[in-house]
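> For reference, the sequence and a predicted model appear below.
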Number of protein chains: 2
Amino acid sequence: MKHVIWSLHNVNSIIDDVLAFLSCEYLPTKTVNIDEALHKYSAQEVYSNISLPPYPKATMDGYAVISSDCEDASHENPVSLKVVNGRIRPWMKPNIEVKEGECVEIETGGFLPKNTDAVVRVEDTTREGNRVIIFRRISRYENVSIPGEELKAEDRIISRGELVRPWHIAAFKLLDIEKLEVYDLSAHVIATGDEFLHQMAKPYTIDLVSNWLIEHGFEKITVSIVPDVTSEIASYVSRSNEKNLVTVVLGGSSVGKDDYSITAVSSLNPDIIIHGAAIKPGKTVCTAVLNGKLIVVMSGLPVAALSSLEQIVKPILSQWIGLKYLPRPKVKAILTRRITTKSGVREFVRIRVFRRNGKLYAEPIMTGGSGSIGSLVLCNAWLITKEEIEGYEEGEEVEVELIAPV
Amino acid sequence: MKHVIWSLHNVNSIIDDVLAFLSCEYLPTKTVNIDEALHKYSAQEVYSNISLPPYPKATMDGYAVISSDCEDASHENPVSLKVVNGRIRPWMKPNIEVKEGECVEIETGGFLPKNTDAVVRVEDTTREGNRVIIFRRISRYENVSIPGEELKAEDRIISRGELVRPWHIAAFKLLDIEKLEVYDLSAHVIATGDEFLHQMAKPYTIDLVSNWLIEHGFEKITVSIVPDVTSEIASYVSRSNEKNLVTVVLGGSSVGKDDYSITAVSSLNPDIIIHGAAIKPGKTVCTAVLNGKLIVVMSGLPVAALSSLEQIVKPILSQWIGLKYLPRPKVKAILTRRITTKSGVREFVRIRVFRRNGKLYAEPIMTGGSGSIGSLVLCNAWLITKEEIEGYEEGEEVEVELIAPV
């Protein structure tokens, strides 16, 4: 077991170093019915295998014509065409051949019969028995949707790592695709602490982490509560690592004393273990890789845990598995008070954005530190400070990420 | 039955007129376990009923002291205090009384004993038998989290209409709240069209609309396929309206001929019915209120349907039910080609945003019109044009809503 030295490691270097050891061989997938695919992440690329419309299609009610017959038609020189028997209804592929000087009635959505290449709108014609008089010039493909215009045979419906949205499901239905391969990601969250076993405190950070993982593409989350005993923690982490892509350990990440969880993970001889990150709160976060899978030890305090998830775990998941997370909406707002930060550290600041006299203001919620669950439910935005900046002045415009509407 | 006159009604006036008739008495809710509440919309306001920490709490390992004893301590004038027997562990409420000149060992997370009001960090002291020497000035509440700092008894955990997120669940667990009242919204989607019954075409716009409704807070979606017969459509709409908050009819919304669905809804004598909107595509959308509930007839073509949902249905749901939808991320990008729009009309343009040489560009996908499901799966952003503008020039910077990462 190697001794792990704590340091304020740069966030980007942690991510790069950890990614070098994470394996893509272990990414589990499953097949789901399309009706259950909404908001899952696709594990495959799907392309269209049809062209829509399959044949030239009328986009107006009128007459299917050979455009060269009508290219000189005008009010002064109307063209008269013979109307062939039959009426082409929507989705009908007619068995009619139209010859020069002829046309046929067609409804919106009907497919053009042989030889025709345009549709004259009914309002641009006058009917006289079995003949129709056309008063304006018609060009090729006028009022016609050409094959592939609505969907091409080579169009990509969804890419690997993309979130399934309503329009994807509609396209799958159209293409008769009934199943989709999606990621089937599981995680285990271990809360360490004698206080939880003795019911002196509630391990509610487990719920924050579990539900955060669900929001980030995980489906199966299991949890354990374990005493502050290194060997027990190690045994839980080892078993979790066999079964789950991600193991999160809450608590026991302190520097020096009480680093039960760090010692436990280290004792399993991980491929890489990095203790500490230049983030605040959450600087004690420890990131490790064992058997190509991710293990993260973080503070059990809710704000520190969320800061570690957002700043360290999210970019790792996104780059490792290729999950295409939607970016959060960002707004610019005026700081109501100064934020001082340490250079080189990314600080996770909870913000209350509000509107006054048509302007957006950002009020930092700084009270309560890492344990302040209150700051998480009261804020509607987050600001992750830049490493190279030593704070922001009152009155300065900052860009914040919204997590709820203003 | 009143005759419904079609017109390009202004979007805001449609929303206002319809909202005046929609009833809030019919908003169904249900109680769910907190573990199943993620991503549902809360139908109640929940406030904290506890203060956290409940008592002053140590945020460092050290000694709990009476600050007035140590307010003059320095390296030159160290203060010596007697260490009372006992050690306060995290979450422990000690039954110890500390007197002037005394102190007691405390761990991070332990509650301060009677009379003490500050914690001296262990690294700022030297231990000599049963006495401790303090080398620096300690102020009141130093290294102490005061009651309510992490969560106040009056803090609002969640408001009505808010989406349940991971931090809310963590807070509910902390507060021992096991149940939450959430909205229980149901909708019925009716696709009209003989072509669907005769299996000539697939009613895939049903899936687009159903899944869009799920993304917007609806849980129970039922669907029907009905022929192009006014009386049948009316009977389906009437039965759906009895059971569901929202009824969507796809198809039969044309102007004049083939307006089966408009005639059907009109025949039910709704409180209000508005046919037509100044949007493109989707201008034939018809919005009605019957028994205080919403009925929307829209084109069965996917892009027209989505344009109607986004421009008409979404703002109505948000204001009627009070659902606090997360805003979409917006980015500014340079148009790769001109968009011409009609003044007074809000156009729903599908956009492909891409990055080139560090700049964001917005490529409008204009092909295929209302039927182009291809444009919906190929785009990663939408642009809803402003009514007062007659288009945008190539090279102009526009703000678009992202629906997928760039």
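Received the coordinates, thanks.
> Distance from the chain centre to stretch A:249-268, please.
Averaging C-alpha positions (CA atoms, centre = their mean, to the nearest Å) puts stretch A:249-268 33 Å from its chain's average.
> and for it, what are the contacting residues?
The contact list for stretch A:249-268, computed with CB atoms under 8 Å, 6 or more residues apart in numbering or on different chains, reads A:1-4, A:6, A:189-193, A:203, A:205-206, A:209, A:228-231, A:233-234, A:237-238, A:241, A:273, A:275-276, A:284-286, A:288, A:290, A:295-300, A:305, B:61. Yep, even glycine has a C-beta here, placed from its N, CA and C like the rest.
> Equivalent analysis for stretch A:88-101, please.
A:55, A:58, A:64-66, A:69, A:81-82, A:84, A:86, A:104-116, B:195, B:200-201.
> List buried residues within these.
Among these, those classed as buried by 16 or more other CB atoms under 10 Å in any protein chain shown are A:58, A:64-66, A:69, A:81, A:84, A:104-113, A:116, B:195, B:201.
> which ones among these are found in helices?
A:69, B:195 (DSSP state H).
> where does chain A have low pLDDT?
Applying pLDDT under 70 to chain A flags residues A:1-2, A:368.
> how is it carved up into domains?
A:11-28+A:184-321, A:33-50+A:156-181, A:57-145, A:330-402 (automatic domain parsing).
> Could you dump these into a markdown table with distance to B:Ala404 added?
Formatted as a markdown table, the domains of chain A follow (distance: least, CB to CB, whole Å):
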| stretch | distance to B:Ala404 |
| --- | --- |
| domain A:11-28+A:184-321 | 13 |
| domain A:33-50+A:156-181 | 7 |
| domain A:57-145 | 26 |
| domain A:330-402 | 16 |
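> Between those, which one is closest to B:Ser343.
domain A:57-145 (24.0 Å; CB to CB).
> Quick one: end-to-end distance for that closest one.
Domain A:57-145 has its terminal residues 5 Å apart, counting by CA to CA, to the nearest Å.
> again with stretch A:338-354
Terminal residues of stretch A:338-354 are spaced 17 Å apart (CA to CA).
> Kindly report the same for stretch A:109-120.
14 Å.
> again with stretch A:131-146
Stretch A:131-146 end-to-end distance (CA to CA) = 27 Å.
> List of residues touching it?
So stretch A:131-146 is contacted by A:53, A:56-60, A:62-63, A:65, A:67, A:70-75, A:78-83, A:103, A:112, A:117-121, A:124-127, B:368-369, B:371 (CB under 8 Å, 6+ apart).
> rewinding a little: select only the buried ones of the contacts of stretch A:249-268 in ChimeraX?
Remark: buried members of these, expressed as a ChimeraX selection using 16+ other CB under 10 Å:
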select /A:4,6,189,190,191,192,193,203,205,206,209,228,230,233,234,237,238,241,273,275,276,284,285,286,288,290,295,296,297,298,299,300,305 /B:61
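> Of the contacts of stretch A:249-268, which belong to strands?
Mapping these onto strands (DSSP state E) picks out A:189-192, A:273, A:275, A:286, A:288, A:290, A:295-298.
> Export those as CSV, with columns for distance to chain B.
Converted to CSV, the ones in strands among the contacts of stretch A:249-268 look like this (distance: CB to the nearest CB, whole Å):
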residue, distance to chain B
A:Val189, 12
A:Ile190, 16
A:Ala191, 12
A:Thr192, 12
A:Ile273, 24
A:His275, 19
A:Cys286, 18
A:Ala288, 23
A:Leu290, 26
A:Ile295, 20
A:Val296, 16
A:Val297, 17
A:Met298, 14
